[in-house]
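My questions concern the predicted model and sequence given below.
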Amino acid sequence: ATLTLAEIEKATGLSQSELKRVMQSLALSNFKLLSKEPKTKEVEATDKFTVNKGFTNRMIKFKMSVVAATKETNEEHQASRAKIQEDRGPQIDAAIVRVMKSRKTMNHNDLMVEVTKQLQSRFTPHPGDIKKRIEGLIGREFLTRSTSAMNVYEYVA
């Protein structure tokens, strides 16, 4: 029986990108378990696959190599970066609150240094991100700006 990639995709329910990887492994690797028409390196939706009845191997068991996944697209990269930033926000908030709880009052630069030092083992926070999180904590009334100096923060118990 000969099937196209589209028919196999419909029958298996695999995503097209995943199915292309698998079909490349089965039809284009050292062990050609499937025959592919046309005989090109790339797998297209219209390609036809047939079981290779002439396949033999002297080993009872053998390992099939799987074609490596393609690099993540720009959109996937942006989405993963956004998710990482989203996950880091609460960690930055917690570090700021920990520092301010112990010090009660602190100027902006010292707070930035202390928070960066605390988070260094996990990741290096961007100064702009720390500043945004400080502003968020001021908005949520965890911190206030000192009345005497604008670059000094006070912890609100």
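Received the coordinates, thanks.

Let's verify Tyr153: helix, strand, or coil?
Put simply, Tyr153 is strand when judged by DSSP: H, G, I helix; E, B strand; the rest coil.

contacting residues around it?
Met100, Thr105, Met106, Asn107, His108, Leu111, Ile134, Ile138, Leu143, Thr144, Arg145, Ser146 (Cβ atoms under 8 Å, 6 or more residues apart in numbering). For every residue, glycine as well, the C-beta is placed using N, CA and C.

Excluding sequence neighbours, find me the nearest residue to the fourth one.
Among residues not flanking Asn107 along the chain, Val152 sits closest, at 5.0 Å (Cβ to Cβ, 6 or more residues apart in numbering).

For the one you found, grab the count of nearby residues.
16 (other Cβ atoms under 10 Å).

Nearest to Ser35 among the contacts of Tyr153?
Nearest to Ser35 among those: Ile134, at 63.5 Å, using Cβ to Cβ.

Enumerate every residue touching the closest one.
By Cβ under 8 Å, 6+ apart, the neighbours of Ile134 are Ile96, His108, Leu111, Leu143, Tyr153.

residues of the helix or strand harbouring it that come out buried?
Ile134 is part of helix 127-139, with elements assigned from DSSP states H and E. Neighbour-count burial for helix 127-139, counted by 16 or more other Cβ atoms under 10 Å, picks out Ile130, Arg133, Ile134, Leu137.

I'd like the next helix or strand past that helix.
Taking DSSP H and E, what comes next after helix 127-139 is strand 143-145.

Give me the helices and strands touching that following strand, please.
Strand 143-145 sits against helix 127-139, strand 152-155, with contacts defined as 3 or more Cβ pairs under 8 Å, 6 or more residues apart in numbering; DSSP states H and E.
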